[in-house]
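S.K.: I would like the atomic coordinates for the input below:
(2 chains)
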Amino acid sequence: MKLLKYLIVGIIFGITLAKAEVISWYRIYEMFKFQSFHMYGVIGSAVVLGVIFVQIIKRYKLKSIDGKPIHIYPKQRSVPRYLYGGIIFGIGWAMTGACPGPLFILLGNGIGVILVVIGAALLGTYTYGLLRNKLPH
Amino acid sequence: MREILDFISQPWPWYVAGPLIALVMFSLLLFGNNFGISTNLRTMCTILGAGKHCELFDFNWRNQIWNLVFAAGLVIGGFIAHYFLTPSAEVNISQETITELQQYGIEDPGSSLVPQSLFSWESLATVRGFVMLVVGGFLIGFGTRYAGGCTSGHAISGLSNLQLPSLIAVVGFFIGGLFVTYLILPFLLTF
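M.R.: Residues are numbered from 1 along each chain as shown, chains lettered A, B, ... in the order given. Below is the predicted model of the structure:
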């Protein structure tokens, strides 16, 4: 039962991104070409509302449902890690037209070949793990 | 019931999708967790045994089961949307995008969720398909772990928390994405 709520929220998220066409390769191409407001509207309105939610959590010191204080992990201060990592992910995002969430949603949409993309992403994650100590962070 | 189904079967505008995404993030915070999907790729590597010889994957993955269940929800959500809530496969991209992609030889841009000539098993054997799907997928996995998050962890959660590292990551996403879209795809799509 504890896990059921995550399944439900995941289903809602999956339907939302599918119905808003965020999982479409075409929408990502269109976004990077600035040919439509759609994707900027999706991400922008999510962030604006997200900022308000996080402020409410902090201001009213909201607790999670198991009674613990809500903690949003601060990221370590650094530039190269986020910039280089971000650029590498951005290249993959524009090529496949998908970020990690949509990879799973596309699978549910019956795009079977996406399994290969997920497999390649696992290999990429593993390779980062092997090279981590040699990379600038 | 029929009317409700017809209503939600239309494409959802950005001002419906964006707030729902924020609500998903908010729910996960209230459940005592953080919104971040690329972490699942790390967890899956651990389950496959990567922790035996690499410390990044040497952690108790059972703490991440909730996130794997969330990812399973994504697959089910995609299935429900596709088979029950999407009567037309069309994607409502701009005319400008359609015209441009036609020039790159993509047939009927926007007539299906993804370009079918690209997202097929046969396409993996072509240079274009291999680079875009296999190399592209590899870079998603490598880049998200290097940057410590993807669109959900940085662009949504991180920016919502006004974190500078996430802003740097999002700037990186766009440097990489614009570089590929403007300078690489025109060659790759016509290759």
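
S.K.: so where is chain B shaky, pLDDT-wise?
M.R.: For chain B, applying pLDDT under 70 flags no range at all.

S.K.: please repeat the previous calculation with a cut-off of 90.
M.R.: Counting by pLDDT under 90, the ranges of chain B that qualify are B:1-6, B:53, B:87-89, B:191.

S.K.: the longest helix that it contains and chain A, are they touching?
M.R.: In chain B, ranked by residue count with DSSP state H as the criterion, the top helix is helix B:65-84. Yes. Helix B:65-84 reaches chain A (C-beta under 8 Å from any C-beta of the partner chain) through B:65-67, B:69-82. The way it works is simple: take the backbone N, C-alpha and C, and place the C-beta from them, glycine included.

S.K.: ok, which stretches of the chain are helices?
M.R.: You didn't say which chain, so I picked chain A. Assigned by DSSP H, chain A shows helices spanning A:4-19, A:25-32, A:38-59, A:80-96, A:100-108, A:114-131.

S.K.: meant chain B, my bad for not saying
M.R.: So, for chain B - with DSSP H - the helices run B:2-8, B:14-30, B:39-47, B:65-84, B:95-103, B:127-129, B:136-147, B:159-160, B:164-179, B:185-188.

S.K.: and the most centrally placed residue in chain B, how far from residue B:28?
M.R.: The C-alpha lying nearest the average C-alpha coordinate of chain B belongs to residue B:151 (C-alpha atoms, centre = their mean; 7.8 Å). Using C-beta to C-beta, to the nearest Å, residue B:151 is found at 15 Å from residue B:28.

S.K.: now do residue B:104
M.R.: Computed as C-beta to C-beta, the residue B:104 to residue B:28 distance reads 39 Å.

S.K.: of the two, who's got more company?
M.R.: residue B:28 (24 against 16; other C-beta atoms under 10 Å in any protein chain shown).

S.K.: can you count the residues close to the closest residue to the more buried one other than its chain neighbours?
M.R.: The shortest distance from residue B:28 to any non-neighbouring residue, by C-beta to C-beta, 6 or more residues apart in numbering or on different chains, is to residue B:35 (4.7 Å). Applying other C-beta under 10 Å, we find 27 residues neighbouring residue B:35.

S.K.: surely residue B:35 and residue B:154 touch.
M.R.: No. When contacts are counted by C-beta atoms under 8 Å, residue B:35 is not listed as touching residue B:154 (10.5 Å).

S.K.: domains for chain B, by residue range?
M.R.: B:1-87, B:118-191 (automatic domain parsing).

S.K.: adding mean pLDDT and mean neighbour count, write the helices of chain A out as TSV.
M.R.: Compiled in TSV, those are given as follows (pLDDT from 0 to 100; neighbours: other C-beta atoms under 10 Å in any protein chain shown):
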stretch	mean pLDDT	mean neighbour count
helix A:4-19	98	23
helix A:25-32	98	25
helix A:38-59	97	18
helix A:80-96	97	26
helix A:100-108	98	28
helix A:114-131	98	21
